[in-house]
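Chemist: from the sequence below, what's the structure:
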Amino acid sequence: MSQTHAVKYEREIPEILSQLGAIHGSVQAAIDQRGLPRAIYHLIQLRASQLNGCAFCIKMHLREARADGETQVRLDHLTVWRHVGDFSPAERAALAWTEALTRIEERSDYTALRTELRAHYDDAQIGALTALVGMINLWNRLQISKH
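Modeler: Got it, this is the predicted structure:
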């Protein structure tokens, strides 16, 4: 086999992918149980995928967001969310958290970000949001490694 071809994870580690899929489903269920709007779920997954440059995930999450009623205008404006008025303060806090946890930079002020999150979410919801950010970053990295 050529060394330039991507690893076929579906063939090589199907049991791991299956387990990750189950965990992902549990994270989604946990978010739903904590009263978080479905829009937050889609915005987080899409924004992290944009930052990571994961074309596969971007296409998938755009399709899912539209199916759940997200507007095209908000989807178009997600990359510039800080500069438009399309997103609520709660969504903006979640997007800032998503970016900080996706980029993981020393200059991020996690205390300030958590303070802003707590203005809109309880600690269980913040935990669910954090798990979602972690999961989408994992999926992005798996997909990107196949580019």
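
Chemist: and after the helix or strand bottoming out on mean pLDDT in the chain, which helix or strand comes next?
Modeler: Across the helices and strands of the chain, mean confidence by mean pLDDT, DSSP states H and E is lowest for helix 14-33: a mean of 89. Next helix or strand after helix 14-33 toward the C-terminus (DSSP states H and E): helix 38-52.

Chemist: and that next one with helix 14-33, angle?
Modeler: 140 degrees (axes from the mean of the first three to the mean of the last three CA atoms, to 10 degrees).

Chemist: tell me what helix 38-52 is packed against?
Modeler: helix 14-33, helix 55-67, helix 89-103, helix 123-144 (3 or more CB pairs under 8 Å, 6 or more residues apart in numbering; DSSP states H and E). C-beta coordinates here come from the backbone N, C-alpha and C atoms, glycine included.

Chemist: can you redo those as TSV with mean neighbour count and distance to Leu46?
Modeler: Putting the helices and strands packed on helix 38-52 into TSV (neighbours: other CB atoms under 10 Å; distance: least, CB to CB, whole Å) gives the following:
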stretch	mean neighbour count	distance to Leu46
helix 14-33	13	14
helix 55-67	16	4
helix 89-103	20	9
helix 123-144	18	9
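
Chemist: Glu116: which of these is closest?
Modeler: Proximity to Glu116, assessed across the helices and strands packed on helix 38-52 by CB to CB, is greatest for helix 89-103 (4.5 Å).

Chemist: re the thing from before, need the helices and strands packed on helix 38-52 in JSON lines with distance to Val80, can you?
Modeler: Converted to JSON lines, those look like this (distance: least, CB to CB, whole Å):
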{"stretch": "helix 14-33", "distance to Val80": "25"}
{"stretch": "helix 55-67", "distance to Val80": "15"}
{"stretch": "helix 89-103", "distance to Val80": "11"}
{"stretch": "helix 123-144", "distance to Val80": "20"}
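
Chemist: and of those helices, who's closest to Thr115?
Modeler: The nearest among those, by CB to CB, is helix 89-103 at 9.3 Å.
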